[in-house]
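Undergrad: this one's sequence-less:
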């Protein structure tokens, strides 16, 4: 199967998982407070929506960077991808957990659930890349640039420890962990926009 | 990354956000009134569905007009797009707010929420275009027609002030603001159908 | 814009609208009856799911037949398509109405809602085709076969009267109307499978 | 119609059906127990999500294997596909049934519902393949390798009896049937990863 067919399926899962996040933001039912008041109180749901949407967007960009280096895919690579996409499609659930419970006494369980999901996503993403470049470049295009490949490997290295670290923080303090999840997303946007600025691919 | 790959992901988000709007139209539970009566009473939900679907459809058409002018995309452009799509995927939420509350005392908060979302969408859409044409046509195709590019720039100019204006109206009167949101969508359909009539792209 | 881009967006809406139909089939909560008993009682939901999925599938096949005849699309054609897709994405709502109320005293309102939606879909589908072939073949490919074009026109003719007729029946009797909606779908599958049997497009 | 157009629609249904599975995992409301406790208790929902996602992923891989052998599709093949996709899009419903009821006295009805859905999916998948290769290779590419075609036929043979067998087990014991559904998925991943290891398609 060509990388193109995998891209169609993967892009579908990315787009749907990101768009389904909006179902986590529920229209409030009004009691004694006004709608304006309830909409302000919903802010953790908006932040959760934005952080998870941005995170999925970043992973989507990186997934294409990986596929662009490949000459083809085999079945093991496909199944690593299916499990990786299984993690991506799971993200709306812990996002809702965290938005619902972050400011309560149960926030830490929600932060750990979010962190475990993102850590697993990062692990399978790295596994996918390691498998592709393993065994002397098993799936790499023959014209793949060694320097670029090494650069990609380096840039994916911090993902797992950063998410695992934020998850450990979540065991003790939910709100700081949530802030770290947002910071990781912003870090990726900032760093890749900065470093990748000149690249214009036709 | 080529514009084609961005199109696949963006088209996915457009299609899903538009189609999810139907989840806002809920099957009524019957009390003392008949189903026919309840279905008639649901009319703000139908109007909200139609206006938001049409609005997303218009933005989808315009998004392709933009991408057709580009020779490639860089990471900054990609991340502006991710944030723009984050706004698009958010639209089902204020649509439901407005359909639920437009005729109540809380309608103004709902109208402002709808307006803020659409204004933000228009801002990021313009930012995307400005970035692409900035710096002497950073991402433009070498054969892009200057007159056409200027025409696009002109046609996107009214979006932000129109939505911002309707939002300000929403602070005072929800139903007039809602009518303005519908009028903006119809204005775009009418004007672009009128001006773009002869263009047949193979 | 090329027909290919429209196809991506339209295929997205078709696929999502069809797949969202499953959200209409809800897991029953158990009272005094067993799950087996409740699952059997859900049969109108299964039938509704199957008929609407099949109907959307048929329209998807026909939509491609149309696009295959075109050399390009203009903005009026695009906006007719957006409104046509707005009807497609609406189908899950009356499907749920009909499955919920078909066997109650409110079944007729549900049948009429379903029928009006499908009639409107058929009207915009025909409008789309009429616009494409109007004015001496406005959007037709130069090598389009006149006989095939006439055959398509003929095959789309019965859609609106059939759905409008079933809707009128729905004003008086819900279950017969529902059976007619199923019969129309089966009629299309049978007739096109029969007549189109030999066509193998590479 | 070319296989490519069918792939776009089918990939959409696969991706959406798989991603919608996450809506089956609901954020728990807290009573006397902590969120951590409730999240642990949700494990059947996670397992159901993973097994069904993996199963859909496997079928997606196999669907492409089929389409890659074809020179084109006719209308009968298309409608077999629509009914096959109707089964795929149905999977989220019995997944939720099974996750909700597997450990209760109603688990057997849920296991049978899951098994019937997967058996029907396997039947239509085989029907699709049999139709394509029937009549001396009705839809096969002229350069299709006879040995590969026979290998595909052999590899699809166990699907229906395995799922039908697990369904029969479900009549008597829900949890064993559920374990069998998971085992079938893992069997497919393991066997195809093992046998298909060397294949790198450009």
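TA: Alright, I've got the coordinates. What you are looking at is a predicted structure, and each value in this text was computed from that prediction instead of being measured. Numbers count the residues shown, from 1 in each chain, chains lettered A, B, ... in the order given.

Undergrad: Which residue is the nearest non-sequential neighbour of residue A:12?
TA: residue D:15 (3.0 Å; Cβ to Cβ, 6 or more residues apart in numbering or on different chains). Just so you know, the C-beta spots here come from the backbone N, C-alpha and C atoms, and that holds for glycine as well.

Undergrad: can you tell me which residues contact that neighbour?
TA: By Cβ atoms under 8 Å, 6 or more residues apart in numbering or on different chains, residue D:15 lies in contact with A:9, A:12, A:13, A:16.

Undergrad: What strand or helix carries the last one?
TA: Secondary-structure assignment from DSSP states H and E places residue A:16 in helix A:3-20.

Undergrad: just checking, what packs against the next helix or strand after that helix?
TA: Sequence-wise, the next helix or strand downstream of helix A:3-20 (DSSP H and E) is helix A:35-41. Helix A:35-41 sits against helix B:92-101, helix B:107-137, with contacts defined as 3 or more Cβ pairs under 8 Å, 6 or more residues apart in numbering or on different chains; DSSP states H and E.

Undergrad: which helices and strands sit right next to the shortest one?
TA: In other words, helix B:92-101. Using 3+ Cβ pairs under 8 Å, 6+ apart: helix B:92-101 touches helix A:35-41, helix B:43-67, helix B:107-137, helix B:174-195.

Undergrad: Quick check: what element follows the longest one along the chain?
TA: It stands for helix B:107-137. Helix B:107-137 is succeeded, C-terminally, by helix B:146-156 (DSSP H and E).

Undergrad: what does the average pLDDT come to for that next one?
TA: Averaging pLDDT along helix B:146-156 gives 84.

Undergrad: What are the buried residues along that helix?
TA: Across helix B:146-156, burial judged by 16 or more other Cβ atoms under 10 Å in any protein chain shown covers B:149, B:152, B:155, B:156.

Undergrad: Which part of chain A gets nearest to chain D, residue-wise?
TA: residue A:12 (3.0 Å; Cβ to the nearest Cβ).

Undergrad: how many neighbours does that residue have?
TA: Residue A:12: 28 surrounding residues under other Cβ atoms under 10 Å in any protein chain shown.

Undergrad: any weak-confidence spans in chain A?
TA: A:1, A:192-202 (pLDDT under 70).

Undergrad: Nearest to chain B: which residue in it?
TA: For chain A, Cβ to the nearest Cβ, closest residue to chain B: residue A:15, 3.0 Å.

Undergrad: related to what we said a few turns ago, turn the helices and strands packed on helix A:35-41 into JSON lines, columns for distance to residue A:142 and mean neighbour count.
TA: Shown next, in JSON lines, are the helices and strands packed on helix A:35-41 (distance: least, Cβ to Cβ, whole Å; neighbours: other Cβ atoms under 10 Å in any protein chain shown):
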{"stretch": "helix B:92-101", "distance to residue A:142": "46", "mean neighbour count": "26"}
{"stretch": "helix B:107-137", "distance to residue A:142": "33", "mean neighbour count": "20"}
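
Undergrad: Surely residue A:47 and residue A:99 touch.
TA: Yes - contact criterion Cβ atoms under 8 Å: residue A:47 and residue A:99 qualify, at 7.5 Å.

Undergrad: hang on, the earlier thing: pull out the buried positions in the helix holding residue A:16.
TA: A:3, A:5-20.

Undergrad: Pretty sure residue A:166 sits against residue A:187.
TA: No - with contact defined as Cβ under 8 Å, residue A:166 does not reach residue A:187; the gap is 11.4 Å.

Undergrad: Which residues of chain A lie near chain D?
TA: Residues of chain A lying close to chain D (Cβ under 8 Å from any Cβ of the partner chain) are A:1-2, A:5, A:8-9, A:12-13, A:16-17, A:20, A:23, A:71-76, A:78-79, A:82-83, A:85-86, A:89-90, A:92-93, A:96-97, A:100-101, A:106, A:108-110, A:113, A:138-139.

Undergrad: try 6 Å this time
TA: Listed as neighbours of chain D in chain A under the rule Cβ under 6 Å from any Cβ of the partner chain: A:1, A:5, A:8-9, A:12-13, A:16-17, A:71-72, A:74-76, A:78-79, A:82, A:86, A:89-90, A:92-93, A:96-97, A:100-101, A:106, A:109.

Undergrad: Show me what residue of chain A gets nearest to chain C.
TA: residue A:16 (8.0 Å).

Undergrad: The residue lying closest to that residue once chain neighbours are set aside: what's it in contact with?
TA: Distances taken as Cβ to Cβ, 6+ apart put residue D:19 closest to residue A:16, at 4.1 Å, once the chain neighbours are dropped. By Cβ atoms under 6 Å, 6 or more residues apart in numbering or on different chains, the contact set of residue D:19 is A:13, A:16, A:17, A:89.

Undergrad: Columns distance to residue B:118 on top of the residues you listed, output as JSON lines?
TA: Below are these laid out as JSON lines (distance: Cβ to Cβ, whole Å):
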{"residue": "A:13", "distance to residue B:118": "28"}
{"residue": "A:16", "distance to residue B:118": "23"}
{"residue": "A:17", "distance to residue B:118": "24"}
{"residue": "A:89", "distance to residue B:118": "28"}
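
Undergrad: farthest pair in those?
TA: A:16 and A:89 (7.5 Å; Cβ to Cβ).

Undergrad: just so I know, which of the helices and strands packed on helix B:92-101 lies nearest residue D:32?
TA: That would be helix A:35-41 among these, by Cβ to Cβ, at 25.3 Å.

Undergrad: Now do the closest one: distance to the chain's middle.
TA: 29 Å (Cα atoms, centre = their mean, to the nearest Å).

Undergrad: and if you look at stretch A:145-156?
TA: 20 Å.

Undergrad: what's in contact with it?
TA: Against stretch A:145-156 from outside (Cβ under 6 Å, 6+ apart): residue A:126.

Undergrad: got the contact list for the spatially closest residue to residue A:101 that is not a sequence neighbour?
TA: Residue nearest to residue A:101 in three dimensions, not counting chain neighbours: residue A:110, with 4.2 Å by Cβ to Cβ, 6+ apart. The contact partners of residue A:110, taken as Cβ under 6 Å, 6+ apart, are A:97, A:98, A:101.

Undergrad: Dihedrals phi and psi, the residue of chain A positioned farthest from its centre?
TA: Ranked by distance from the centre of chain A (Cα atoms, centre = their mean), the top residue is residue A:32, with 38.1 Å. Dihedral angles of residue A:32 (phi, psi; degrees, to the nearest 10) stand at phi -80, psi -20.

Undergrad: and what of residue A:73?
TA: phi -130, psi 150.

Undergrad: Just grab the bridge partners of it for me.
TA: residue D:201 (DSSP bridges).

Undergrad: Against residue B:82, how distant is the nearest residue to residue A:121 once chain neighbours are set aside?
TA: Spatial nearest neighbour of residue A:121, chain neighbours left out: residue A:87 (4.1 Å); criterion: Cβ to Cβ, 6+ apart. For residue A:87, the distance to residue B:82 (Cβ to Cβ, to the nearest Å) stands at 19 Å.

Undergrad: what's the answer for residue A:108, then?
TA: 29 Å.

Undergrad: from the contacts of residue D:15, which is closest to residue C:65?
TA: Looking across these and measuring by Cβ to Cβ, the closest to residue C:65 is residue A:12, at 24.0 Å.
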